[in-house]
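Student: no sequence on this one, just coordinates:
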């Protein structure tokens, strides 16, 4: 960043640049060793840097490991289930995997060899299983390389860690859904994208080509921003249901401080400001019960939720890079290849802005996260969005109908092309999907641009209807249980 002043004056008259460190070249923590890294104008030596990052990691994770978060007193770590790590192959998720292995797998074995007493409770593993899940996106965007084998090799370097690969088209695969929730939960919807009410009908028979359904879904989206937003949502929900399948009580994501600031600003720009709390930390509960679920089993009842945590939310991108460099970690790398217009979507522009901001003003990125953490949504929750499975704000559709010009189902009946057979069936059974969506997902499906994006696939044709992910139909059609109905009307019941 250039200095302030008149370029025509002498160089001695220009304002001097602020030094990268404040007072001393020595470590601010140990006060003895010379510094090796500058973090927001504070100097740290290599040894103190490692302890600092490990402390930030534990501070962000361990208070939320137990089912009931710890108060002032520290208790033993006793999670309700296993641990699932969402792995992208990028810098943050690689550092997260290394920290988890150091803290909860490798260190336990070192303590056992040093202290003995293998049956002592302090040597028990915090999580019985640690699973790494990778979602491959190469089939969604052209030009990307399949990296499942590379990721598997990188994960195999860590002892005691399982690897579960997924592909993003599994979101449209009835077989994948059937393996988790059984035959009764398998159904799919197709929606009509010609109107803002998003009329939907059940598909019969089920889709047998998940890749074709995925590409049809992405090709039908109106903007480049919508495509990126849809891929983020698909990946996130795939990880959540995989956590439910593996009986995991915690899902860890390698979102660094810089990445979190980007996600927060991007979400607000795309209309997801109501879910800003879930972007930082989230409690997720599946509405669909697996076939072996017993509602009378209290232990099973306590393990049904998944807590989504970002343990690196206080660790910046620079700190992650130095950790990986000094520890010689293998970074598979996220493939950033997309389509020609991908850099002009909201997420790409936000990333460029935040990365430039962090370079010149490193403290501003943490200020963004701290400020967003203080925000709370306004309005009541009307339920969960059936597409992204996050809270939906009450009254969004009424408010949106008052401020925008919308196309309804009646206005397009005369001009719309013929719908597929599943959507021409019994109109009385048609569902208006708009009332089941949050504002961000409804905008993703319906927001139009004056300049349409270039086609994702040369062979794919844009249609007026498309198949939705496999988790949408079961959530719309699910039957409400007696306990849930009683909980809903509990405050209106009169005691005898």
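Tutor: Everything's here; your move. Predicted model only: the values in this text are computed from it and were never measured.

Student: show me what contacts residue 64?
Tutor: Listed by C-beta atoms under 8 Å, 6 or more residues apart in numbering, the contact set of residue 64 reads 250, 281, 307, 309. No exception for glycine: its C-beta is placed from N, CA and C like everyone else's.

Student: residue nearest the centroid of the chain?
Tutor: residue 236 (4.3 Å; C-alpha atoms, centre = their mean).

Student: let me know whether that one touches residue 390 as I believe.
Tutor: No: applying C-beta atoms under 8 Å as the test, residue 236 and residue 390 come out as separate, 9.0 Å apart.

Student: check contacts around residue 257.
Tutor: Contacts of residue 257 by C-beta under 8 Å, 6+ apart are 312-317, 365-366, 369.

Student: mind pulling up the phi and psi values for it?
Tutor: phi -60, psi -40 (degrees, to the nearest 10).

Student: from residue 372, how far out is it?
Tutor: Distance of residue 257 to residue 372, computed by C-beta to C-beta, to the nearest Å: 12 Å.

Student: please identify the helix or strand for the residue nearest to the centre of the chain.
Tutor: Per DSSP states H and E, residue 236 falls inside helix 224-245.

Student: what average pLDDT does that helix get?
Tutor: Helix 224-245 carries an average pLDDT of 94.

Student: repeat for stretch 52-62
Tutor: Mean predicted confidence for stretch 52-62 is 95.

Student: next: stretch 432-446.
Tutor: Per-residue pLDDT values across stretch 432-446 average out to 88.

Student: give the buried residues for it.
Tutor: Neighbour-count burial for stretch 432-446, counted by 16 or more other C-beta atoms under 10 Å, picks out 432-434, 436-446.

Student: if we can go back for a sec, quick check: next helix or strand after the helix holding residue 236?
Tutor: strand 248-253.

Student: where does residue 102 land on pLDDT?
Tutor: You'll see residue 102 listed with a pLDDT of 94.

Student: next one: phi and psi at it?
Tutor: When quoted as degrees, to the nearest 10, the phi and psi of residue 102 stand at phi -60, psi -50.

Student: in the protein, which helix or strand is least confident?
Tutor: Here the helix or strand of the chain ranked lowest by mean pLDDT, DSSP states H and E is helix 421-424, holding a mean of 42.

Student: who does the next helix or strand after that helix touch, helix- and strand-wise?
Tutor: Once the chain leaves helix 421-424, the next helix or strand it forms, by DSSP H and E, is strand 431-432. On a contact count with 3 or more C-beta pairs under 8 Å, 6 or more residues apart in numbering; DSSP states H and E, strand 431-432 meets strand 199-202.

Student: for the strand it packs on, the averaged confidence score.
Tutor: Here strand 199-202 scores 73 as its mean pLDDT.

Student: what comes up buried for whichever helix or strand comes after that strand?
Tutor: Moving toward the C-terminus from strand 199-202, the next helix or strand (DSSP H and E) is helix 210-219. Applying a neighbour-count criterion of 16+ other C-beta under 10 Å, one finds 210, 213-219 buried in helix 210-219.

Student: can you pull the contacts of the spatially closest residue to residue 275 that is not a sequence neighbour?
Tutor: Nearest residue to residue 275 in three dimensions, chain neighbours excluded: residue 390, at 4.7 Å (C-beta to C-beta, 6 or more residues apart in numbering). By C-beta under 8 Å, 6+ apart, the contact set of residue 390 is 272, 275, 278, 282, 384, 438.

Student: from residue 285, how far out is residue 390?
Tutor: Taking C-beta to C-beta, one finds residue 390 at 12 Å from residue 285.

Student: ok, residue 358 next?
Tutor: In terms of C-beta to C-beta, residue 358 sits 35 Å off from residue 285.

Student: same question for residue 29.
Tutor: From residue 29 across to residue 285, the span is 41 Å (C-beta to C-beta).

Student: which of these two has more neighbours?
Tutor: residue 29 (17 against 11; other C-beta atoms under 10 Å).

Student: those strands in this protein, which residues are they?
Tutor: Applying DSSP state E to the chain gives strands spanning 37-39, 42-44, 82-87, 130-136, 162-167, 189-192, 199-202, 248-253, 282-285, 305-309, 381-384, 391-393, 431-432, 465-467.

Student: in a markdown table: those, plus distance to residue 266.
Tutor: Below are the strands of the chain laid out as a markdown table (distance: least, C-beta to C-beta, whole Å):
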| stretch | distance to residue 266 |
| --- | --- |
| strand 37-39 | 25 |
| strand 42-44 | 28 |
| strand 82-87 | 18 |
| strand 130-136 | 19 |
| strand 162-167 | 23 |
| strand 189-192 | 25 |
| strand 199-202 | 27 |
| strand 248-253 | 15 |
| strand 282-285 | 16 |
| strand 305-309 | 17 |
| strand 381-384 | 21 |
| strand 391-393 | 18 |
| strand 431-432 | 28 |
| strand 465-467 | 24 |
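
Student: to residue 51, which of those lies closest?
Tutor: strand 42-44 (9.3 Å; C-beta to C-beta).

Student: what's around residue 267, how many residues?
Tutor: By other C-beta under 10 Å, the residues close to residue 267 number 23.

Student: tell me who's in contact with it.
Tutor: 273, 275-276, 279, 440.

Student: just to revisit the earlier point, any common contacting residues for residue 257 and residue 372?
Tutor: Common neighbours of residue 257 and residue 372 (C-beta under 8 Å, 6+ apart) do not exist.

Student: can you tell me how far the closest residue to residue 284 other than its chain neighbours is from residue 191?
Tutor: Nearest-residue entry for residue 284: residue 306, 4.7 Å, with adjacent residues in sequence omitted and distances by C-beta to C-beta, 6+ apart. Distance, residue 306 to residue 191, by C-beta to C-beta: 27 Å.

Student: same question, residue 215
Tutor: 16 Å.

Student: then residue 27?
Tutor: Distance of residue 27 to residue 191, computed by C-beta to C-beta: 58 Å.

Student: more neighbours: which of these two?
Tutor: Using other C-beta under 10 Å as the criterion, residue 27 and residue 191 rank with residue 191 on top: 25 against 21.

Student: and the closest residue to the more buried one other than its chain neighbours, how many neighbours does it have?
Tutor: Of all residues not flanking residue 191 in the chain, residue 200 sits nearest, at 4.4 Å (C-beta to C-beta, 6+ apart). If you count neighbours by other C-beta under 10 Å, residue 200 ends up with 25.

Student: what residues are bridge-paired with residue 200?
Tutor: residue 191, residue 431 (DSSP bridges).

Student: and it, how close does it get to residue 477?
Tutor: Applying C-beta to C-beta, the value for residue 200 to residue 477 is 11 Å.

Student: check contacts around the closest residue to residue 90 other than its chain neighbours.
Tutor: Leaving out its chain neighbours, the residue that sits closest to residue 90 by C-beta to C-beta, 6+ apart is residue 334, at 4.2 Å. Contact analysis of residue 334 by C-beta under 8 Å, 6+ apart lists 88-90.
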